[in-house]
Every structure is written in C-alpha cells, then in structure tokens.
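Engineer: Sharing a sequence plus its predicted fold:
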Amino acid sequence: MDRGGPESRRPPRRLGHRGGAGTAYGHPARGPDGGGCPVNTLPAGDGRERLARAALTRVFEPGDERGGRWIREIGPVELIRRLAGPDGPARALTGMTEARLAGYRLRASGADPGRDLAEVAAIGGRFVCPGDQEWPSQLDDLGDARPIGLWARGRSDLRLWALRSVALVGARACTPYGAHMAATLAAGLAERGWVVVSGAAFGIDGAAHRGALAAGGATMAVLACGVDVAYPRGHAELIGRIVEQGVVMGELPPADHPTRSRFILRNRVIAALTRGTVVVEAEYRSGSLVTARNAQRLGRFTMGVPGPATSGLSAGVHELLRGEGVLVTDAAEIVELAGDIGELAPVRNGRVLPRDLLEAGSARVLDALPWTGAADVRDVARSAGASTDEALGRLYELSSLGFVEREGDGWRLTPGRRCNGDARRGVT
C-alpha cells in the first residue's frame, strides 16, 4: 500500500480535467454572495443533503469522527449551515473549540459543492451518499468514521460489486515474487467472479489491479485523492483502464491531492468495503498492516501470503500470520475463507504411489524383501511376522501387481520398481 513519498510532493496529474490554469489543487469558486459555500441557496429535498455532504467533504478530513458525530446528531444540511454561518450555533457543537472552528470555517468558505458535482459529472463520475441505493452499507460498520460520501467514476454499481469483493494490498517496493503472487491471486479471484479491491499504488496494488484486468475481471481502486487526479502519475493509464473496466472511488472532492495521513485513513475504507483483506508482502511498518488491523477490528477476514523467512518485506506478513491472520497461497483458499458455504478449496495431498494402495499385510511383505538380491520365502515370512503360507500368497499377489518377481527359489524386487521409488517405503 502506497504510504506517500517524494511523488506525493509533486502536483498530481488531473484526469479529464476541463478547468483552466491554477486549479490543479482545487480552488473552487465562491458562492453567489462571494462568501464561500452557498448554503442559503441549497435546494430542498434529497438534493439539499447531497450538496451539503459534497460541501462537507471539503471541510472534514476522511475519517474525522468528530465531524461524523455532528452529521449524525444534527444532519449534514444543518452542520454546513452552522460552519458557514454565524459563529454562535457552531460553537454550541459538542467538542468544538475556537481553533477547530476557525479551521472548519476557512475550509467551508472555499467549498462550492455545485461546482464539484458538475466537475465530476463532466468526466462521467458521480457522488454516492449514505441512503442511496448504490451506497455500500458495510461502510456503516465504521460508525462515525464512515465516509461522508464517495466520489466515484466507472459504470459499475458500488454496492453490488462490494458484496463479493476481496482486498489485495501490500508493499509498494515489492519483489518480483510479491508482484507475481498478487497478479496470480487477483486473476484467480476475477475468474471466480470476485471483485479485487486495492489502492492503485505502485507495487502490490498495481499488480493486483493488472491481474484482475488481464483476466477480464472486475476491480475497484480506492484513492487517497480526488477521483479526477492520477496518483501516482505513473499509473495514469492503469487508473484509466480501471475506470473503463471497473470503478475508481475516493472520499476526497475533485482535484484534492494525496497526503501521507490520507493514505492511512483511506485504508479503513478498503477494509470495511470488502469481505476480507489479503496482505502480500509488508514490512513491520506498513500501511498494508493498517488495512489488516482495520479488517480485524471490523470482523472481516484477514489473510496473508507467506514469503521467505529471511525477507524483510515479508516480516510484517509473518507477524500477521502469527496472530489472527490466516495463511493463503491461492485464490481457492481465499474464496474458501471469504466466500459462501460450500465454496471449498480442493483437498491437497502428496502424490499417491501404487504402494500406498496395498493392504497392510502385503506392504509388510514387500518391506521384508532386501533392496538387492533375492530372499527365501521363509526369510521373508520371518521378517514380515507372517506365516510361510501367508507370505507366499502375498508374494504372488505382489508379483501380479508388478512389485516383485521370482528368481530361482527366491523372490526379489522388480528392478523398475526400485528405480521409481514405488516399491519401498520411505523412498521418494
């Protein structure tokens, strides 16, 4: 999972942006009165709440539980009215301080939800709110930290796709082994009708998205920036493909840029949105482990793909597996854990050798024969703990099966059986 780095300090590239210069980081227009968010002009009904929520995505950082509590207590329309209006009603909010109010009012003064909604609609996007038919209700498990709303691009339905989805996350600076495992797992899940969710970062995230796309399957990317921003810039083409074949979503309004804290906060959405989280390569300090811990806290399945014991990039995964994480190595094992009743992974056993099918008495007689040379029936019976007649009967049975052959008055192992390891126990 991308945690931010030098790339995050560069201006992100906008996707499908139609604005002019000076809007790369989103300085939206003022309201009709020139004073910021035009709360007094909000229409009645559902559109009023949608505009209020869109405005609040510019006011609160993702996962702000204080803001989420205020929305729950007084509603988004009243909240944005208080934050953009006179100070008195806003100061009455529980937990509000002068410093917080000043910061919130500064952001609220620059919010123009109508413009944000129009910009997203112009690139084929939409704003999905709690209560909408498309809203993934599992996000409600986040409580007051649930998203105020989700900005989304792509034709697919968020709620339907999230019902059967798994998150694949991991190190940004992954190894070829990690990239191979992520792509293979994603392709296997896609072929089984599962949606692969990740964060569109370099490394494991990108490999997971590409694996699902290559299999012709479904994938969703949860961004830590506006959905019209290509971050990282090297993944502009990949994000465009996800928009065409899947869904790109995020909590931040158009043109908002990513920060280190936003990457970490984005991970709670990935964890809540999916049935389970699979970590493929992660160091001890990794944003991917934050996703896994969020998944555990929410009661989702947490899985990990093991790596070499000497690899620092797998150290965090191994620590996860020592706890409540479940080891998985392929898509079938992931589906068995996160899927419905009866979606079981195939039983895996070692290669079955012909000797494994012998009865216990015949196997003892076979073991009694020397590795080289022939043995008398009496010697075989003594070594096998059987009577002479029983040993002789077993030897004829073994001969008919091709395990042994006569040599004069004695018996010996068939030469070909000695070579392929079928004749003697313990030989592989």
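Structural biologist: Received the coordinates, thanks.

Engineer: and the gap between residue 286 and residue 167?
Structural biologist: Distance, residue 286 to residue 167, using Cβ to Cβ, to the nearest Å: 14 Å. No exception for glycine: its C-beta is placed from N, CA and C like everyone else's.

Engineer: Those two: which is more packed in?
Structural biologist: Of the pair residue 286 and residue 167, residue 167 is the one with more neighbours under other Cβ atoms under 10 Å, namely 36 against 23.

Engineer: now the more buried one: how far from residue 70?
Structural biologist: Going from residue 167 to residue 70 by Cβ to Cβ gives 29 Å.

Engineer: got it, and residue 135?
Structural biologist: 20 Å.

Engineer: Between those two, tell me which one has more neighbours.
Structural biologist: Taking neighbours as other Cβ under 10 Å, residue 135 and residue 70 compare with residue 70 leading, 25 against 19.

Engineer: isn't the more buried one right next to residue 77, touching?
Structural biologist: No - Residue 70 is not in contact with residue 77 according to Cβ atoms under 8 Å; the separation is 11.8 Å.

Engineer: centroid residue for this protein?
Structural biologist: residue 167 (1.4 Å; Cα atoms, centre = their mean).

Engineer: which ones are touching that residue?
Structural biologist: 196-198, 270-271, 273-274, 276-278, 291, 295 (Cβ atoms under 8 Å, 6 or more residues apart in numbering).

Engineer: Could you rerun that using 7 Å?
Structural biologist: 197-198, 270-271, 274, 277-278, 291 (Cβ atoms under 7 Å, 6 or more residues apart in numbering).

Engineer: same check, this time on residue 215
Structural biologist: Per Cβ under 7 Å, 6+ apart, neighbours of residue 215: 187, 190-191.

Engineer: just the buried members of those?
Structural biologist: 187, 190 (16 or more other Cβ atoms under 10 Å).

Engineer: Using TSV, lay out the contacts of residue 215 together with secondary structure, pLDDT and distance to residue 178.
Structural biologist: Listed next are the contacts of residue 215 as TSV, based on DSSP: H, G, I helix; E, B strand; the rest coil; pLDDT from 0 to 100; distance: Cβ to Cβ, whole Å:
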residue	secondary structure	pLDDT	distance to residue 178
187	helix	98	15
190	helix	97	18
191	helix	96	21
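
Engineer: and which of the contacts of residue 215 is nearest to residue 157?
Structural biologist: Set against residue 157, the nearest of the contacts of residue 215 by Cβ to Cβ is residue 190 (17.2 Å).

Engineer: Surely the closest one and residue 196 touch.
Structural biologist: Yes - counting by Cβ atoms under 7 Å, residue 196 is a contact partner of residue 190 at 6.2 Å.

Engineer: Now do the shared contacts for the two.
Structural biologist: 212, 217.

Engineer: where along the stretch 151-300 of the chain do the helices fall?
Structural biologist: 158-162, 176-191, 204-214, 236-245, 260-273, 287-297 (DSSP state H, counting those that start in this stretch).

Engineer: Tell me which of the ones you listed lies nearest to residue 143.
Structural biologist: Short answer: helix 260-273, nearest of the helices of the stretch 151-300 of the chain by Cβ to Cβ, at 10.1 Å.

Engineer: Give me the helices and strands touching that closest one, please.
Structural biologist: Judged by 3 or more Cβ pairs under 7 Å, 6 or more residues apart in numbering; DSSP states H and E, helix 260-273 is in contact with strand 165-170, strand 218-223, helix 287-297.

Engineer: what sits up against that helix?
Structural biologist: With Cβ under 7 Å, 6+ apart, helix 260-273 has contacts from 1-4, 8, 62-63, 136, 138-139, 141-142, 145, 147, 162, 165, 167, 169, 197, 199, 222, 224, 251, 277, 287, 290-291, 294-295, 298, 300.

Engineer: Taking strand 165-170 as reference, get the angle to that helix.
Structural biologist: 140 degrees (axes from the mean of the first three to the mean of the last three Cα atoms, to 10 degrees).

Engineer: buried ones in helix 260-273?
Structural biologist: Here helix 260-273 shows 262-273 as buried, counting by 16+ other Cβ under 10 Å.

Engineer: can I get those in a markdown table with pLDDT and distance to residue 228?
Structural biologist: Below are the buried residues of helix 260-273 laid out as a markdown table (pLDDT from 0 to 100; distance: Cβ to Cβ, whole Å):
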| residue | pLDDT | distance to residue 228 |
| --- | --- | --- |
| 262 | 95 | 16 |
| 263 | 94 | 18 |
| 264 | 94 | 22 |
| 265 | 95 | 19 |
| 266 | 96 | 16 |
| 267 | 96 | 21 |
| 268 | 97 | 23 |
| 269 | 98 | 18 |
| 270 | 98 | 20 |
| 271 | 97 | 25 |
| 272 | 98 | 24 |
| 273 | 97 | 21 |
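
Engineer: Distance to residue 390 added to these, as CSV?
Structural biologist: CSV is the format used below for the buried residues of helix 260-273 (distance: Cβ to Cβ, whole Å):
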residue, distance to residue 390
262, 77
263, 72
264, 72
265, 74
266, 72
267, 67
268, 69
269, 70
270, 65
271, 64
272, 67
273, 66
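
Engineer: Angles on the backbone of residue 140, please.
Structural biologist: phi -70, psi -20 (degrees, to the nearest 10).

Engineer: That one - how many residues pack around it?
Structural biologist: Neighbours of residue 140 (other Cβ under 10 Å): 11.

Engineer: close enough to count as contact, it and residue 146?
Structural biologist: Yes - between residue 140 and residue 146 a contact is recorded at 5.8 Å, counting by Cβ under 7 Å.

Engineer: who touches residue 254 in this structure?
Structural biologist: 26, 116, 119-120, 226, 228.

Engineer: Pick out whichever of these sits closest to residue 309.
Structural biologist: Using Cβ to Cβ, the contacts of residue 254 come closest to residue 309 at residue 226, 41.2 Å.

Engineer: Distance of the closest one relative to residue 397?
Structural biologist: On the measure of Cβ to Cβ, residue 226 and residue 397 end up 76 Å apart.

Engineer: and residue 121, what is it in contact with?
Structural biologist: Residue 121 touches nothing, counting by Cβ under 7 Å, 6+ apart.

Engineer: Name the SS class of it, please.
Structural biologist: helix (DSSP: H, G, I helix; E, B strand; the rest coil).

Engineer: and residue 246, backbone torsions?
Structural biologist: phi -150, psi -130.

Engineer: Do you know the pLDDT at the nearest residue to it once chain neighbours are set aside?
Structural biologist: The shortest distance from residue 246 to any residue other than its chain neighbours is 4.4 Å, reached at residue 219 (Cβ to Cβ, 6 or more residues apart in numbering). In the prediction, the pLDDT value recorded for residue 219 is 97.
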